[in-house]
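# Okay, here's the prediction I keep looking at, along with the sequence it came from:
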Amino acid sequence: MLRRYLPVLLLPLAIVLAGPLRAAPSAELARLVEALALPDLVEIMQEEGRAYGTDIEDEMFSGRGGARWSAQVAEIYDGGRMLDTLTGAMENALEGEDLTPMVEFFTGPLGARLIALETSARRAQLDPEVEAESVARLEEMIADDDPRLALIEEFVEANDLIEQNVAGALNSNYAFFTGLADGGGLSMEVTEDQMLRETWSQEPQIRAETREWLFAFLAMAYAPLSDDELRAYIDFSRSEAGQELNAALFAGFDVMFRDISRALGLAAARFTGGQDI
C-alpha cells in the first residue's frame, strides 16, 4: 500500500520537523503498521529526502549549503519522528474502525507478498537508473498494448491514486512556498493569491509526472503477480476495509508531506537570504 506524492521542482517527501511526541499506537494499529512495513518505507523516504535535499541546494543556493544544509535535511528527515507522525495521523483517521480485516489481509500470504514487492521496488528505485528502466519498460508495455495495463488502471482507480497524489503534491508545493516566503527567502513580497496561482500552475506537470511514475512503479512492483493475484488486491482495495485504510494512509502522508515541505522552505530561506542556520 505504498503511496508517493511526486516532488515537482523542489518539493520532497517529508515529515514534520518538530512537535510533541504522540502516545504509542494501539496494539492493533501497531500490528497493521508492521504488516504494511511502514518502518521500512520511512527508511526509504529518508534516503529519498537526502537526495531531494541535494536537489534543493543545487537549484536554490548551489555551493552554499554544504555540511550545514546536509545536517538540516538530516534533522528534518528524522526517522523516529516520521514514523510517529504517520502512525499518529493514521490512528486519528482510523478511530472507531475495525482494523482486523486490514491486518488479516496484509499478514496473509498474498498481502505479505504484495508489501514485500512494493517495498523492494521502492527501494530499488532509489537508483535513478532503475527508475529510468521502469519508465522505459512502461513505454514498451504501452506500445505493445500489454493487457496488464488495464489491471493496473483498475488498481489506480480503485485507490484514487492519481487524484490523491496530485492533491497531496499541490498541498506540499504550497507549504514549501509559504515556508520560503515566511522565512524571507523570496526577493519580493507575494500575496497568498499569488502563491496559490503559482502552485496551481504546476498542476498539469504534477498530473503527468504522477501518472507516469505510478504506472511505471506499479508495473515493476507487480510484475511477478498473476492476474488473479492482482485482481484479489483490487477487490480488497474496493472493499470497505481497503477504502478506510487507503484514506488513512493518505491522511497520514498528507500531514507528513505538508509539514516537511514547510520546514524545508523555512530552512532554505535561511540560505537564500544569506543567514546562518
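Yep, that arrived.

# so residue 122 makes contact with residue 44?
Yes: at 5.3 Å, residue 122 counts as touching residue 44 under the criterion of Cβ atoms under 8 Å. All C-beta spots, glycine's among them, are computed from the backbone N, C-alpha and C.

# Can you report how many residues lie near residue 109?
Residues lying near residue 109 (other Cβ atoms under 10 Å) number 8.

# gap between residue 223 and residue 37?
Noted for residue 223: a distance of 19 Å to residue 37, by Cβ to Cβ, to the nearest Å.

# out of those two, which sits in the busier spot?
The neighbour count for residue 223 versus residue 37, taken as other Cβ under 10 Å, is higher for residue 37 (20 against 12).

# which residues does that one contact?
For residue 37, the set of contacting residues under the criterion of Cβ atoms under 8 Å, 6 or more residues apart in numbering consists of 115-116, 119.

# swap the cut-off to 6 Å and go again
115, 119 (Cβ atoms under 6 Å, 6 or more residues apart in numbering).

# Quick check: phi and psi on it?
For residue 37, the backbone dihedrals are phi 60, psi 40 (criterion: degrees, to the nearest 10).

# Please apply the same query to the one 5 residues further on.
Summarising the backbone geometry of residue 42 under the convention degrees, to the nearest 10, its torsions are phi -60, psi -40.

# Can you verify my assumption that it contacts residue 79?
Yes: under the contact definition of Cβ atoms under 6 Å, residue 42 touches residue 79, with a separation of 5.4 Å.

# Among these two, which residue is more densely surrounded?
Remark: of residue 42 and residue 79, residue 42 carries more neighbours, 23 against 14, as counted by other Cβ under 10 Å.

# Report the helix or strand with the lowest average pLDDT across this structure.
Per-element confidence for the chain was summarised using mean pLDDT, DSSP states H and E. The lowest value among helices and strands belongs to helix 192-200, with a mean of 90.

# For that helix, buried residues please.
When burial is assessed from 16 or more other Cβ atoms under 10 Å, helix 192-200 yields the following buried residues: 195, 199.

# Could you list every helix and strand in contact with that helix?
Here helix 192-200 touches helix 161-182, going by 3 or more Cβ pairs under 6 Å, 6 or more residues apart in numbering; DSSP states H and E.

# contacts for the helix or strand hosting residue 205?
Mapping residue 205 onto the secondary structure by DSSP states H and E places it in helix 203-221. Residues from elsewhere that reach helix 203-221 (Cβ under 6 Å, 6+ apart): 6, 8, 117-118, 121, 134-135, 138, 152, 161-162, 165-166, 169.

# nearest residue to residue 117 other than its sequence neighbours?
Leaving aside its sequence neighbours, residue 117 sits nearest to residue 221 (Cβ to Cβ, 6 or more residues apart in numbering; 4.9 Å).

# burial measure for the one you found, as a count.
By the criterion of other Cβ under 10 Å, residue 221 has 22 neighbours.

# how much space between it and residue 73?
Applying Cβ to Cβ, the value for residue 221 to residue 73 is 27 Å.

# what's the answer for residue 121, then?
Going from residue 121 to residue 73 by Cβ to Cβ gives 24 Å.

# more neighbours, those two?
Between residue 121 and residue 73, counting by other Cβ under 10 Å, residue 73 is the more crowded of the two (24 against 21).

# From residue 270, how far out is that one?
The spacing between residue 73 and residue 270, counted by Cβ to Cβ, is 13 Å.

# Which of the three states applies to the nearest residue to residue 241 once chain neighbours are set aside?
With Cβ to Cβ, 6+ apart as the measure, residue 101 is the residue that lies nearest to residue 241, at 3.8 Å, once sequence neighbours are left out. Classification of residue 101 using DSSP: H, G, I helix; E, B strand; the rest coil returns helix.

# neighbours of residue 101, just the number please.
16.

# what do you get for residue 229?
15.

# Using CSV, write down the CA coordinates of the one helix or strand it maps to.
When secondary structure is defined by DSSP H and E, residue 229 falls within helix 227-238. The C-alpha trace of helix 227-238 is given here as CSV (Å, rounded to 0.1, in the frame of the first residue of the first chain):
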residue,chain,number,x,y,z
ASP,A,227,-3.6,-11.6,-12.9
ASP,A,228,-5.7,-13.4,-10.3
GLU,A,229,-3.5,-12.2,-7.5
LEU,A,230,-3.6,-8.6,-8.7
ARG,A,231,-7.4,-8.9,-9.1
ALA,A,232,-7.6,-10.0,-5.5
TYR,A,233,-5.7,-6.9,-4.4
ILE,A,234,-8.1,-4.7,-6.5
ASP,A,235,-11.0,-6.4,-4.8
PHE,A,236,-9.6,-5.7,-1.3
SER,A,237,-8.9,-2.1,-2.3
ARG,A,238,-12.6,-1.7,-3.2
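
# All set, thanks.
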